[in-house]
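Please find the sequence and the predicted model below.
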Amino acid sequence: MRINKLMILLAACFLSAFSAFASSPGMTSKDMYAQFRNPDSRYRPFVRWWWNGDRVQAEELVRELHLLKDAGIGGVEINPIALPYGSDTTGTKALVWLSDEWISMLKTVFDEAAKTGMRCDLLVGSGWPFGSETLPMDERASVMLTYALNVKGGTTFQMSKYNIFKAIDPGVTKVNPSRNPELVSMYLVPNPVKDLSQAVDITDKFVNNVITIDIPKGNYTIYALVHYDSFACVINGAPGAAGSILNHMDAKAVRNYLDHMSNTIEAQLGPLSKYLRAYFVDSMELEGCNWTSDFAAEFRKRRGYDILPWLPFTMFQVGRLGDAKSFEYGAKKSKEFQEQVNRVRFDFELTKAELLNERYTDTFLSWCRDQGVKSRAQAYGRGFFPLESSMGYDIPEGESWTTNWLRHRIGEEMGDKDYRRGRAYTMIDKYVSSAAHLTGKRLVSAEEMTNTYKVFNTSLELLKVGSDMTAITGITHSVWHGFNYMPKDAAFPGWVQYGSYYNEKNTWWPYFRLLNDYRARMSSVLQNSDMFTDIAILPANYDMWTTMGVQTEPFPVKLNIPYTSLIWEAIHKNGGGADYVNEIVIKNSVVRNGKLCYGPKKYGTIFLVEETGIMSGTLEKLLEFVRTGGRVFCIGKYPEKSLGLFDYQARDKRIASLVDELKGYPDNFILLEKPSDGKYLEWYKGVMEKYSLPHAITITNPDRFLLQSHFVADDKSDIFLFENANMSEVRTTDILFPKSVTAGRKAWLYNPADGKRYSLPVKNGRLHFEFGPSETYLFVFNKLRGKAPRWKTLPASGKDSVMVNNWKLTLRQARKDTVMYTEMAELKDLKDTEFKNFMGTVTYVADVSLKGSDMPEYINLGKVCDICELKINGVYAGTRWFGRSIFDVSSLLKAGDNTIEVKVTTLMGNYLWTLKDNKVAKRFVINRKQALVSMGLLGPVKLYK
C-alpha cells in the first residue's frame, strides 16, 4: 500500500495542532470553577443561522442577533440555504450569494456581532456539498456508474445507449439539467464468471447509438460502464450557489472556488480574519461522486495496475447519495474472482479517499490558514477517511439527532440489537472526537440536535439529554440545528427548514436560556480538559470498503460490523475510556514501555473488531507493541489476509507469518469470542474483570442508560461526567474511585443546571449515588478548598403524604391570546380532554390546608408535560425543565391554608393539527400522522416529609 504521503501529511497535521495546544496556558481549578459559574461567550452554544433563500434584510438580521444573544447564544454560523417549503415570500427579495447586497448583509451582521460580543462562522458556499450555477464544465463533479443486465443466450440482443442511460440514471437529491452521460465500455461475460479474462469487450459494436449482438448459448451478463458529467446539483442551495456540485477531487478547482468566495467578500470588507472565527463546511455528502479526469492514471501510479477493466465488477447499483440499492448485482462470481474483485474495490476506495484528502481537505485547510481563519467541518459523508479526515481541522465537527426516519426513542430505549436506537449521537461522533484527541484538540463541535420528524414536539429536556450523550462521546461544543431567519411578521409558524424549531414563536422559547446556560457550563469544563482514554479500538472499516464499499456517514445503509460502537460504549459504561484509531495512526505511532503513543495519547490496550484484512505495517507495529507488554484483543477472529490486489498472495503470506508471531505471545495477543446473546455491556464487564483491563473507576452496577466519560484538567484534576440518559427512570449505583483520584483532594459535584458546586459524600473512595431521570453531573476531584453545601438528592416520596386535588385551570392559548377556564377534581392529560389541540401555558391552582405540627417539606408534582414553574403562597419556588419535578418547600408552607400554583408550558405539535391548510403543519405533523403528545400537569401531586 503506497500511502506514505498520506501518513506524512497526517503527521504534519498532528505536529501543527499539538504544538499549538501544548503551548497554550493551562487553566487552574479555581479559574475553571469561575468559568463554570459564569461561562464566557465562547463556551455558549452557537446556532446554525439559516439565511432562508437569502431573503434577508439588515433590520431583521440585527433584531435576530439580539434575540439570540438574549437567549444565551454565543455565536452564529451564517448558513445561506434554499427557501424552505411552505414559506410565504411576500415583500421579500432574494439576494444572490456574493452579490454586493449580500455582502452588505454580512457586514451588518459582523458589525453587530462585534458590538454584542458574539462570534461568527461562515458557511462555504450554500447548502451541501458546495458548488454554484457558474462552475465551468471541467470543474464539476462527476460519477462513474455500472449497469448490469442478465440475459439468456442463443438470441440476438439489441439495446440503445438511451435505454442504458435511463436505467442507470443516478437517483440524486437534485438532478442537474446539464448532466451528460457517456458510455465508457461495455462487456459481455458468462454468468457465473470466474476470471476477468472472460469479459469480452463489445463497446465497438454500437452503430448509431444502438448495439446489436448475437449472444452465445448459455447465461450471460452485459455490463456497461457509464460516466456522468455534471450529474448532480447542490442540495438546498441558495441563489448564486445552487448549481452544479464542485469536483472535490480537483485541487485547482477547489482553490479557485474558495479564492473566488474570499476575494469577492474581502474586496468590500477587507480581511475576513477580522470578523470570522471559522469557515464551515457541512457534511461531505457528495452524492456518490467517485471520479475525476486523472483518476485512472492516479490509480495506476498508486496501486500498480489498470482500474478500468475491473470497475464494472466492483460497483453496485446505486441511488441517492451513492448508497447501494443492493450488494448483489450483476453476474455471480466464483469465490476466487469475488476475492479479486473485493480487493480491487478496496484499492478503488482507498485511492478515492487519498485523492479527496490530498486535493480537497489539504487545499481547504491551506486556504483557511492563508486567510487567518480557523477551519471547521463535518469531514465525512461518503468516500472520506472517517477518522483521518477530521484530524487536520481546527474545529472538527460531528452531529446528533433528535429523531429521523428511525423514530428512535431517545431517553426510552438503549438496546444492543440496533446500535442507533435510543442514541442521539451518531456513529461518526466517536471518530470525530478521537481525531481531536489524537491531535490534542479540545474544541470539538456538533450539529445538535438535527430533527426531521418531531420538529414541533421536541422538548428542552430531549435536547438536553441528547446533547449530553454527544458530550459523552467527546463533543465539547453545541451548534443548535438550527435557527431560521424569517421576517418578524411571517405567517405562523414561519419559514422552517427542519431542526427542532429554535424560534421565538416556540412555546418554550422563554426558557431556552436555561438550556444554553447549561450547555455553556458543561462546555467551559470540557473545553479545558482532555478526555482520558487508554484503550484503542480499531474498527474493521477497510474490510467494509473491501466487501461493501464506502458507506454514507453518519447513516450507513449497512455496516459490516454493526456492533462496533457498542464496544466503546461498554468500555465507558464500565468506568473506562476508549478512542478509535486506524491503521495509519497505528503505523505512525511510537511504542514506549508497552504503550502505543500517538501525539498526546498513550494506549496500553487495543481491540481489533473482527478484523479480516489488515496491512503488514500495522501488524509489525502491533508485534512491537506486544513484545514490550502491550495487549491486543481480537474480537471474533484473528486477522487473516492483506488488503488490495497487487501481489496479494505474497502479502497474504506475510500477514499469516506476522499473526503466527503474535500468537507466540498468548498473554498479550488474545482471541475473544463475541457474546452469544449480543449483550455487550455484560460481556465487556466479564472481559474487563478476567483480564484486568484498565478502568479509571469501578461502577458496581453498570447500566445501559448510565453513561460515563473521564476528563483530566490542566492541573491534573479528575473530572467524571455522568449522565442518566433515561428520561423516566432512576439509576442508582456505587462508584469506587481509586486513591490516585481521591488522595489529598476534595470531591465536588458540579451541577451544570444551576452553576453551583456541592460537597460530594465520597467515603473511603466509595460514592453511593442516585441519578434521577435525565440528570447529568460532573464529579470533580481537585485541591480547591472552600465551603459548599453537601449534595442532597431530594426524595421522590416520604411519610405523611398529602394528595393535592381539586384544581382550577387557566389556559392561555399562545397564538390567539385566548383565555379559557376549567376545573379538575383529579388531574388528567389535556390531550384526552376537549383541550387536546391546545398550545400555550396552563396555570393550575389548588388550595390545601395543613396542620401546624409535622409540616410537609417536599412537593412532588409527578408527571409534568412539559415545563413547570411552581409558586407556594405566591412565592416562587423554582422551575423544572427536565427530570423530576420535586421541590423543597419547607420554608414556604405554613399552618392553615396554602395555595399551590403550577404554571405549565406545553409543546406545540398538538395545536398544529388544527392548521389543516398550512403547508408547514402538513409537512411536519399532519402528513406524518404524528400522535398527540401528553400535555399539562398529570401528577399525582403530593406533599410529604
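Yes, it's here.

From here on, just use CA atoms for contacts and neighbour counts.
Will do.

remind me which residues of the protein are low pLDDT?
1-25, 404-406 (pLDDT under 70).

Enumerate the positions of stretch 92-108 that are buried.
Neighbour counts using 16 or more other C-alpha atoms under 10 Å place 94-98, 102-107 of stretch 92-108 among the buried residues.

which among these gets closest to Phe838?
Ala94 (35.5 Å; C-alpha to C-alpha).

Where does that closest one fall, secondary structure wise?
For Ala94, there is no host helix or strand (DSSP states H and E).

Quick one: residues contacting it.
53-56, 239 (C-alpha atoms under 8 Å, 6 or more residues apart in numbering).

now do 6 Å
Counting by C-alpha atoms under 6 Å, 6 or more residues apart in numbering, Ala94 touches 54-55.

Let me know the closest of the buried residues of stretch 92-108 to Thr612.
Trp97 (48.3 Å).

Does the closest one belong to a helix, a strand or coil?
For Trp97, the assignment made with DSSP: H, G, I helix; E, B strand; the rest coil gives coil.

For the nearest residue to it once chain neighbours are set aside, grab the count of nearby residues.
The shortest distance from Trp97 to any non-neighbouring residue, by C-alpha to C-alpha, 6 or more residues apart in numbering, is to Gly240 (4.8 Å). Look at Gly240: counted by other C-alpha atoms under 10 Å, it has 18 neighbours.

Correct me if wrong: Gly240 contacts Leu98.
No: counting by C-alpha atoms under 6 Å, Gly240 does not reach Leu98; the two are 7.4 Å apart.

circling back to that earlier point, put together a markdown table for the buried residues of stretch 92-108, with distance to Leu681 on each row.
Formatted as a markdown table, those follow (distance: C-alpha to C-alpha, whole Å):
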| residue | distance to Leu681 |
| --- | --- |
| Ala94 | 53 |
| Leu95 | 53 |
| Val96 | 53 |
| Trp97 | 50 |
| Leu98 | 52 |
| Trp102 | 53 |
| Ile103 | 53 |
| Ser104 | 55 |
| Met105 | 52 |
| Leu106 | 50 |
| Lys107 | 52 |
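
List of residues touching the host helix or strand of His572?
Using DSSP H and E, His572 maps to helix 564-573. Residues outside helix 564-573 that contact it (C-alpha under 6 Å, 6+ apart) are 578, 681, 707-708.

ditto for stretch 56-64
Met105.

repeat for stretch 453-470
Taking C-alpha under 6 Å, 6+ apart as the rule, stretch 453-470 contacts 404, 424-425, 499-501, 882, 907-909.

Please apply the same query to stretch 861-874.
Here stretch 861-874 has contacts from 877-881, 885, 898-906, 935-941, using C-alpha under 6 Å, 6+ apart.

Narrow these to just the buried residues.
Using 16+ other C-alpha under 10 Å, the buried members of those are 877, 879-881, 885, 898-906, 935-941.

which residue ranges form the strands in the stretch 1-150 of the chain?
46-52, 75-81, 119-123, 131-132, 142-152 (DSSP state E, counting those that start in this stretch).

Surely Gly686 is in a strand?
No: the assignment for Gly686 is helix, going by three-state DSSP, so no strand is present there.

could you say what helices and strands whichever helix or strand comes after the helix holding His572 packs with?
Sequence order places strand 578-580 as the next helix or strand after helix 564-573, per DSSP H and E. Packed against strand 578-580 by the contact rule (3 or more C-alpha pairs under 6 Å, 6 or more residues apart in numbering; DSSP states H and E) you find strand 535-538.

partner strands of the strand it packs on, parallel or antiparallel?
strand 578-580 (parallel), strand 605-609 (parallel) (DSSP bridges).

highest average neighbour count across those?
Among the strands paired with strand 535-538, strand 578-580 has the highest mean neighbour count (mean count of other C-alpha atoms under 10 Å), at a mean of 26.

following that one, which helix or strand comes up?
helix 583-588.

Please enumerate residues in contact with that next one?
In contact with helix 583-588 (C-alpha under 6 Å, 6+ apart) are residues Thr618.
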